[in-house]
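In: Here is a sequence with its predicted model. Questions after.
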Amino acid sequence: MKRIIGHYLNRLPVPSAQNGQKNPQLDSSIVKGSHQRRMTQQCVKETLEALIRANILAGSYADFEELYEAVRKTIYSIPGIGNLAVYDISLRIGHLLVPEVLPVKYVYVARGALDGVRILFGKNVVKQNMDAGVRLPVSLFGSLFPNVASEHIEAILCIYKGYFKLGGVSKGISFANNGNCGKKKSVKVKSGNGSCPRMGKKLTIC
C-alpha cells in the first residue's frame, strides 16, 4: 500500500491558484472538473447560479460535514447532481475558504471510491460503518492509509480500484515504470473517474 500512496502523491494535480487567497470567486471550475465530461453545461450553469445565490463562500462552517450539508441542500435537486458531485464541489469550496474546511473525520465514498472500499473491506463492513449513506469514519482506514488525508484516501480508492480488484495489495503486483513492464506480463486497468484527479485513463501494472 505504501507504493500506491507514493505513486498517487507523486502525481497530485497542481492546486488552484485561488486556494487560500482572499476574496476567492466562484466560477464553473468549482462545479465541473476536467474529468466530469458527462455534466452538461445547463447543469453547470444552474449549479453555479444556485451556489452564488446561497452566498456559499460567506458561510461559517464548523467542519466539512456542515459545508457538505450546506452544499447538498443548495444543489442536490438540480438534474445531474448526485452525491459525488456534491462532494467534489464541497471539497473545491473547502479549499477556497480561509482557513480551509476539509474532510477530517470521514472519508466520503461514491461511485469509484465506493467500489474500491468494497473490494478492500467487503460490502458488509462498508454497510455496517456507513454514515448518512455517503461517508465512512476515517479510523476505518488507519492501518491501510496511515497519515493520509481523507480527500487523498477517497481519490486512491477510486483511482486504484482496478489494482485492488486484481489483488495487487496482497499479491505484491507492482506498477510499470513509464508503462514498461520489461519481460513481465503487463495488465492495463481503468483508473478511477468521478472525483478522482485525472492521471491517465489507464494504469499499467506488472
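Out: On my side now, so go ahead.

In: Pull out the buried residues from the strand or helix carrying residue 90.
Out: Using DSSP states H and E, residue 90 sits in helix 83-96. Of the residues in helix 83-96, 83-96 count as buried by neighbour count, 16 or more other C-beta atoms under 10 Å. Glycine gets a C-beta too; all of them are placed from N, C-alpha and C.

In: helices or strands up against it?
Out: Other helices and strands packing on helix 83-96, by 3 or more C-beta pairs under 8 Å, 6 or more residues apart in numbering; DSSP states H and E, are helix 28-31, helix 41-53, helix 64-75.

In: which other residues reach the first one?
Out: I take that to be helix 28-31. Helix 28-31 is contacted by residues 16, 39, 43, 44, 47, 48, 51, 89, 92, 93, 96 when judged by C-beta atoms under 8 Å, 6 or more residues apart in numbering.

In: So which of those sits lowest on pLDDT?
Out: Here the lowest pLDDT out of the contacts of helix 28-31 sits on residue 16, with 55.

In: tell me the domain boundaries of this protein?
Out: Taking automatic domain parsing as the reference, the chain has its domains at 28-96, 105-205.

In: Select, out of the ones you listed, the one closest to residue 12.
Out: Evaluated over these, closeness to residue 12 peaks at domain 105-205, with 6.9 Å, by C-beta to C-beta.

In: Now do the closest one, average pLDDT.
Out: Averaged over domain 105-205, pLDDT sits at 78.

In: just to revisit the earlier point, which of the domains of the chain sits closest to residue 10?
Out: Ranking the domains of the chain by proximity to residue 10 (C-beta to C-beta) places domain 105-205 first, at 10.0 Å.

In: Do a quick rundown of the helices in the protein.
Out: Taking DSSP state H, the helices of the chain run over residues 2-9, 28-31, 41-53, 64-75, 83-96, 112-121, 123-129, 150-159, 161-165, 168-171.

In: most tightly surrounded among the ones you listed?
Out: Counting by mean count of other C-beta atoms under 10 Å, helix 150-159 has the highest mean neighbour count of the helices of the chain, with a mean of 24.

In: elements contacting it?
Out: For helix 150-159, the packing partners by 3+ C-beta pairs under 8 Å, 6+ apart come out as helix 2-9, strand 106-108, helix 112-121.

In: No further questions, thank you.
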